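Asker: Dropping a prediction and its sequence here:
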Amino acid sequence: MRLLAVHPSGLMYTRVFLTLEPLGLELVAGAARAAGHDVRIVDLQVEDPKRLWRLIDQWRPDTVCLAANYLANVPEIIDTAKAIKARLPGCFVFAGGHSASFVAADLLAHGAGAIDCVIKGEGEVSVPLLLRAVQDNADLTGVPGAVCAAGEGPPPRFVESLDTIRPARDLLTRRKRYFIGTLDPCASIEFARGCPWDCTFCSAWTFYGRTYRVASPEVIADELASIREPGVFIVDDVAFVHARHGFEIGEAIKRRGIRKEYYLETRGDVLLRNMDVFRFWRDLGLKIMFIGLEAIDEEGLQRFRKRIDLDRNMEALEAARSLGIDVAINLIADPSWDRERFETIRRWCLEIPEVVNISVTTPYPGTEIWQTEQRRLTTRDYRLFDIQHAVLPTKLPLPEFYAELVKTQQVLNNKHLGVAAIRKSFGIASKLLLRGQTNFLRMMWKFNSVFDPALQMADHARPVRYELPLRPEFAAVADKRALYVHKPAGRRGRTLDDATEQFVDASRSGAGS
């Protein structure tokens, strides 16, 4: 069968700071191709939509897969599905991805027949089975994770081994457009899948059932050796949770003489616990790490269930500095912040050398705060669920909240992309230009055209065609069992040694498996 896999366009922050290759869609495309199907990928983050419609009209795929990893893309996905059905009525259209897994029934309802099926959970297992069912005109409800008009299939299944799946990177036509900060161009890779923690604002652990699975070091080294880009983003939710795994990957890379520049995400307590791993990786090319501090006070850390106190977070930042690794940190702007709080945040951010990103508290389906906060939503427009818009009541009038938010972001932007910083970055930009890479340089000038309080307010005034339905599972205390996509497997679902498992349990406050 001919399968066209489509990634929707980029979100607000991706238009400035990063554009990542659609690794999840590449993995699904790779699994479909391994099953014998003819596959194409269109990534609307970097490609002209004309290519999508040219393939629909001329190549005429039998099936189209729409990637719904981000909730804010849902309206675009629905409209794209409807337009495909109008031009190619016999085409089987389905959606999948992280966010799709939590709103599967809603996607079907909004699609009004344009979306034939939604796949929940890991697509590398279910998509080949779905394509076979479509080809054989079989019952779709026999496919694990399938949700369709006829009903729902068995629970989604995990990939048996991360060593057996490979991304179809060769199907991307504009690979030079993928970057993150100064890593330009940049590929993405997965060392481990899942997260053993349970932060209230996050849905990674509810998607994977608090499992944590790893790929073999030699397999990872093989994949890295095949990547042409000089920069690599390690997409693990928390990098190097398991110290031995991190060392073994690094040793396999060192044996092969692979040299890249790396960007990863981790937790402050993981960094402090596994300093030797991060020191080793610094020598392998680790340039930047992203640490989600989320808050700069104990109250905020407790609200997000980040069981690491403020002193330990500051210790982690100092540790990264001692390693000579650049750090970007994230803080979550709460709707309760007033002008004084924003000013405190600005002063604190200017006192530290790290890059600071500010996102906005957003209750996503699949998170605990979705269950406890959804009745307070001021909007249910999918497009505003992008961590850059306020969807809960703000203490300040909304225009003033956005003015303070953007003012804070602008202060931080000037700190790192102002005149002095540009002088410092000139050498980097010049080297990238010599290689024909312009993503980083363009990023330096795009901030004011994207982050604008007037534009954010205008986004709230747009006509709304598709809204998130309110859920019956609203509760004062979240019911975790109702949140999981893949059911938790307990201790056996986590590839961690006993000492690391104890460390994880000591650094989380949630109960259950």
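Answerer: Alright, I've got the coordinates.
Asker: use CA for all of it now, contacts and neighbours both
Answerer: Noted.
Asker: Pick out the least confidently modelled helix or strand of this structure, by mean pLDDT.
Answerer: helix 298-303 (a mean of 50; mean pLDDT, DSSP states H and E).
Asker: Strands of the stretch 101-250 of the chain, start to end?
Answerer: When secondary structure is read from DSSP state E, counting those that start in this stretch, the stretch 101-250 of the chain shows strands at 117-119, 146-148, 151-152, 179-180, 186-189, 192-193, 213-214, 231-234.
Asker: can you tell me which helix in the protein is longest?
Answerer: Ranked by residue count, the top helix of the chain under DSSP state H comes out as helix 398-417.
Asker: can I get the CA coordinates of that one in PDB?
Answerer: What follows is helix 398-417, C-alpha atoms only, in PDB (Å, rounded to 0.1, in the frame of the first residue of the first chain):
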ATOM      1  CA  LEU A 398      -5.300  38.900  30.400                       C
ATOM      2  CA  PRO A 399      -3.700  41.800  28.300                       C
ATOM      3  CA  GLU A 400      -1.600  42.800  31.200                       C
ATOM      4  CA  PHE A 401      -0.600  39.100  31.900                       C
ATOM      5  CA  TYR A 402       0.600  38.800  28.300                       C
ATOM      6  CA  ALA A 403       2.400  42.200  28.500                       C
ATOM      7  CA  GLU A 404       4.300  41.000  31.600                       C
ATOM      8  CA  LEU A 405       5.000  37.600  30.100                       C
ATOM      9  CA  VAL A 406       6.400  39.000  26.900                       C
ATOM     10  CA  LYS A 407       8.300  41.700  28.700                       C
ATOM     11  CA  THR A 408       9.900  38.900  30.800                       C
ATOM     12  CA  GLN A 409      10.700  36.900  27.700                       C
ATOM     13  CA  GLN A 410      12.100  40.000  26.000                       C
ATOM     14  CA  VAL A 411      14.400  40.700  28.900                       C
ATOM     15  CA  LEU A 412      15.700  37.100  28.700                       C
ATOM     16  CA  ASN A 413      15.900  37.300  24.900                       C
ATOM     17  CA  ASN A 414      18.000  40.500  25.100                       C
ATOM     18  CA  LYS A 415      20.200  38.800  27.700                       C
ATOM     19  CA  HIS A 416      21.200  36.100  25.200                       C
ATOM     20  CA  LEU A 417      20.400  37.600  21.800                       C
END
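Asker: tell me the mean pLDDT for it?
Answerer: Here helix 398-417 scores 85 as its mean pLDDT.
Asker: Pull out the buried residues from that helix.
Answerer: Judged by neighbour count using 16 or more other C-alpha atoms under 10 Å, the buried positions of helix 398-417 are 398, 401-413, 415-417.
Asker: How far does it sit from its chain's centre?
Answerer: 23 Å (C-alpha atoms, centre = their mean, to the nearest Å).
Asker: One more: stretch 150-169?
Answerer: With C-alpha atoms, centre = their mean, you get 18 Å for stretch 150-169.
Asker: Between its first and last residues, how far does that stretch reach?
Answerer: Stretch 150-169 has an end-to-end distance of 34 Å (criterion: C-alpha to C-alpha, to the nearest Å).
Asker: Can you add mean neighbour count and give the strands of the stretch 101-250 of the chain back as CSV?
Answerer: Output for the strands of the stretch 101-250 of the chain, formatted as CSV (neighbours: other C-alpha atoms under 10 Å):
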stretch, mean neighbour count
strand 117-119, 28
strand 146-148, 24
strand 151-152, 16
strand 179-180, 24
strand 186-189, 24
strand 192-193, 22
strand 213-214, 19
strand 231-234, 23
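Asker: what would those strands look like in a markdown table with distance to residue 258 and mean pLDDT?
Answerer: Output for those, formatted as a markdown table (distance: least, C-alpha to C-alpha, whole Å; pLDDT from 0 to 100):
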| stretch | distance to residue 258 | mean pLDDT |
| --- | --- | --- |
| strand 117-119 | 36 | 98 |
| strand 146-148 | 40 | 98 |
| strand 151-152 | 45 | 96 |
| strand 179-180 | 20 | 92 |
| strand 186-189 | 14 | 97 |
| strand 192-193 | 19 | 98 |
| strand 213-214 | 20 | 97 |
| strand 231-234 | 12 | 98 |
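Asker: Mind checking those for the one nearest to residue 134?
Answerer: strand 117-119 (10.5 Å; C-alpha to C-alpha).
Asker: still on that earlier bit, quick one: list the elements packing against the helix or strand that the least confident helix or strand of the chain is followed by.
Answerer: Remark: after helix 298-303, the chain's next helix or strand is helix 310-323, criterion DSSP states H and E. Helices and strands touching helix 310-323, by 3 or more C-alpha pairs under 8 Å, 6 or more residues apart in numbering; DSSP states H and E, are helix 268-273, helix 275-284, strand 326-333.
Asker: Can you name every helix or strand that the first one contacts?
Answerer: Contacts defined by 3+ C-alpha pairs under 8 Å, 6+ apart place helix 268-273 against strand 286-294, helix 310-323.
Asker: got the contact list for that helix?
Answerer: Identification of contacts with helix 268-273 by C-alpha atoms under 8 Å, 6 or more residues apart in numbering yields 240-241, 278, 291-293, 308, 312-313, 315-317, 319-320.
Asker: I'm done for today, thanks for sticking with me.
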